[in-house]
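A.B. asks: here is a sequence with its predicted model. Questions after.
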Number of protein chains: 2
Amino acid sequence: MNTNTTILFADDDPDILEMITYNLEKEGYNVVTATNGEEAVALCRKVQPELILLDVMMPKMDGVEVCETIREMDIPVQPLIAFLTSRSEDYSQIAGLSAGGDDYINKPIRPKVLLSRVEALLRRAPISKVEKSSSELKLDTDRFLLLFKGEELYLPKKEFELLAFLMKKPGIVSNRDQIMNEVWGDDTIVGERTVDVHIRKLREKIGDQYIRTVKGVGYTFVEQ
Amino acid sequence: MNTNTTILFADDDPDILEMITYNLEKEGYNVVTATNGEEAVALCRKVQPELILLDVMMPKMDGVEVCETIREMDIPVQPLIAFLTSRSEDYSQIAGLSAGGDDYINKPIRPKVLLSRVEALLRRAPISKVEKSSSELKLDTDRFLLLFKGEELYLPKKEFELLAFLMKKPGIVSNRDQIMNEVWGDDTIVGERTVDVHIRKLREKIGDQYIRTVKGVGYTFVEQ
DNA sequence: TACCAACGTTAAGCAATGGTTAAATCCGCA
DNA sequence: TGCGGATTTAACCATTGCTTAACGTTGGTA
């Protein structure tokens, strides 16, 4: 059975909450529920679920916000996140997935469909989920500071955002376009050398070993 | 770009085929198309795509049958499979996903939605991380590095892409035209000896035993 | 054996790319 | 408005990696 798998389910409708919980528990999953976004974030930190089912429209914090918050959280294993929504418009789907979501399930929810989907999501989750943050270097996005070898280092905004972006996907190579879109925004156009200069300033502060250049491709954060 | 990612797209409607192909290629994916189920299965075996987009209703063999056939195939890496359908009934979704599909996309297809979905699927795909192959030699396409006898080896872009291309179809002989089209692109024309030189540099780094020359035909990656 | 085509090898030149630096500009703030 | 740090640009430099050309080697074939 699925007794080792914890699913966090967040929805503001108690009827749906109850129905889905019943169905998931019948399959042997551990289910934890939240009725608003803030509760979902708190519970995620506490129980560290494998999968989160997020209603998009919720009080306090909507699903997309919750997703973004969780994706920036410093937790050992990032959960899978699937959105539930009755809105089927394009923009909603894109907003959800680009916020770091893994799937999108339309309301009204049919238990059997949901179970199939949950199964498919978990089946595909990477097996080796031991994601360790480098011990010497930690980013505190709330306080906007960098913990480097025990000391607190305040970085300028752009440098901080650039480092945060790279650290979000350690090991994965991001190209200049991706970096500029994410850190500067789609509408801002800056010169080719701008990124380099910020990379240089970061390397000046934290050393060369953390950011690797992949020529012709981009940059990547290297875990130590 | 996504030049290392091949997507097989199967649909019996040539208009949809063209539109989606255009959009995927714009993002840099390699797209291979089929107009019926049997063709899809044959092409899957041949090109070994990372992702297959399957129309559910097709002549000869429907999408679900294709999926089942592929999931039973003995290929080095099982592709991700997503279904496309205009039927949104429950039974169809469940049939699709329990046949071993990874996702379900409703028609009518909106290009932007599809691209988000494709991206989300590939982002999380365990198979695209470390290419399964000989124990001594592993390619990590996200990190742009080669794991060779336990050590990390950074290869220059072209060498990496060339090796990735060959390793994608171990045992299958690729001729120079195929290699140049895939690694260099259709529009770039380089001399005959260029490929040889890159092959040589690769052999210098990983030894002669992995890449075999088939005179008059091309090169092939040899599994150890 | 002599020839030819195909592939291998080498080194050199060149183009692309990123690194570096300093100066200019921007921007918030008093 | 002027200051100071942050950001961006521009110009130049260094390095890497790509390509080519010239020549060497091999293996098949008449």
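C.D. replies: In hand now; what should we look at? Numbering: from 1, shown residues only, chains lettered A, B, ... in the order given.

A.B. asks: ok, the residue nearest to the spatial centre of chain A to A:F165 distance?
C.D. replies: In chain A, the residue lying closest to the centroid (C-alpha atoms, centre = their mean) is A:R71, at 2.1 Å. In this structure, A:R71 lies at 12 Å from A:F165, with C-beta to C-beta, to the nearest Å as the measure. From N, CA and C alone the C-beta is placed, and that goes for glycine too.

A.B. asks: before we move on, what about A:I172?
C.D. replies: Counting by C-beta to C-beta, the gap between A:I172 and A:F165 amounts to 11 Å.

A.B. asks: could you do A:N181 as well?
C.D. replies: 10 Å.

A.B. asks: and the strands in chain A, which stretches?
C.D. replies: Taking DSSP state E as the criterion, chain A carries its strands at A:6-10, A:30-34, A:51-55, A:80-85, A:103-106, A:137-140, A:145-148, A:151-154, A:174-175, A:211-214, A:218-221.

A.B. asks: check these for me and report the most buried one.
C.D. replies: Using mean count of other C-beta atoms under 10 Å in any protein chain shown, the stretch among these with the largest mean neighbour count is strand A:51-55, at a mean of 26.

A.B. asks: who does it pair up with?
C.D. replies: For strand A:51-55, the pairing partners within the sheet under DSSP bridges are strand A:6-10 (parallel), strand A:80-85 (parallel).

A.B. asks: make JSON lines out of those strands and add distance to A:E38 and mean pLDDT.
C.D. replies: Below are the strands paired with strand A:51-55 laid out as JSON lines (distance: least, C-beta to C-beta, whole Å; pLDDT from 0 to 100):
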{"stretch": "strand A:6-10", "distance to A:E38": "10", "mean pLDDT": "92"}
{"stretch": "strand A:80-85", "distance to A:E38": "16", "mean pLDDT": "83"}
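
A.B. asks: helices and strands of chain A: which one bottoms out on pLDDT?
C.D. replies: Every helix and strand of chain A was ranked by mean pLDDT, DSSP states H and E. The lowest is helix A:90-98, at a mean of 54.

A.B. asks: hang on, the residue nearest to the centre of chain A packs against A:Q78?
C.D. replies: Yes - in terms of C-beta atoms under 8 Å, A:R71 counts as a neighbour of A:Q78; the distance is 6.8 Å.

A.B. asks: on that earlier part again, the residue nearest to the centre of chain A and A:M180: what is the separation?
C.D. replies: Look at A:R71 and A:M180: by C-beta to C-beta, they are 20 Å apart.

A.B. asks: what's the answer for A:D55, then?
C.D. replies: The separation that A:D55 has from A:M180, given C-beta to C-beta, amounts to 33 Å.

A.B. asks: residue in chain A nearest to DNA strand D?
C.D. replies: At 2.6 Å from DNA strand D, A:P156 is the closest residue in chain A, using C-beta to the nearest atom of the strand.

A.B. asks: what's the closest non-adjacent residue to that residue?
C.D. replies: For A:P156, ignoring the flanking residues on the chain, the nearest one in space by C-beta to C-beta, 6 or more residues apart in numbering or on different chains is A:K201 at 8.0 Å.

A.B. asks: what's the pLDDT at the one you found?
C.D. replies: On the pLDDT scale, A:K201 is placed at 94.

A.B. asks: for DNA strand C, what are the nearby residues on chain A?
C.D. replies: Taking C-beta under 7 Å from any atom of the strand, the part of chain A that reaches DNA strand C is made up of A:176, A:192-193, A:196-197, A:199-200, A:203, A:213, A:215-218.

A.B. asks: pLDDT on stretch A:178-188, on average?
C.D. replies: 86.

A.B. asks: typo on my end, it should be stretch A:32-45
C.D. replies: This predicted structure assigns stretch A:32-45 an average pLDDT of 89.

A.B. asks: in it, what counts as buried?
C.D. replies: Of the residues in stretch A:32-45, those buried under the neighbour-count criterion (16 or more other C-beta atoms under 10 Å in any protein chain shown) are A:V32, A:T33, A:A34, A:T35, A:N36, A:G37, A:E38, A:E39, A:A40, A:V41, A:L43, A:C44.

A.B. asks: roughly how far does A:N36 sit from B:E65?
C.D. replies: From A:N36 to B:E65 the distance is 44 Å (C-beta to C-beta).

A.B. asks: I should have written A:V183 there, sorry.
C.D. replies: The gap separating A:V183 from B:E65 is 46 Å, by C-beta to C-beta.

A.B. asks: what's the answer for A:G191, then?
C.D. replies: When C-beta to C-beta is applied, the distance between A:G191 and B:E65 equals 53 Å.

A.B. asks: so for those two, which sits in the more crowded spot?
C.D. replies: For A:G191 against B:E65, the residue with the higher neighbour count under other C-beta atoms under 10 Å in any protein chain shown is B:E65, and the figures read 18 against 8.

A.B. asks: wait, what's in contact with the residue nearest to that one when sequence neighbours are not counted?
C.D. replies: For B:E65, ignoring the flanking residues on the chain, the nearest one in space by C-beta to C-beta, 6+ apart is B:G37 at 6.2 Å. In this structure, B:G37 makes contact with B:A10, B:M58, B:P59, B:K60, B:M61, B:D62, B:G63, B:E65, B:V66, judged by C-beta atoms under 8 Å, 6 or more residues apart in numbering or on different chains.

A.B. asks: right, I'll leave it there.
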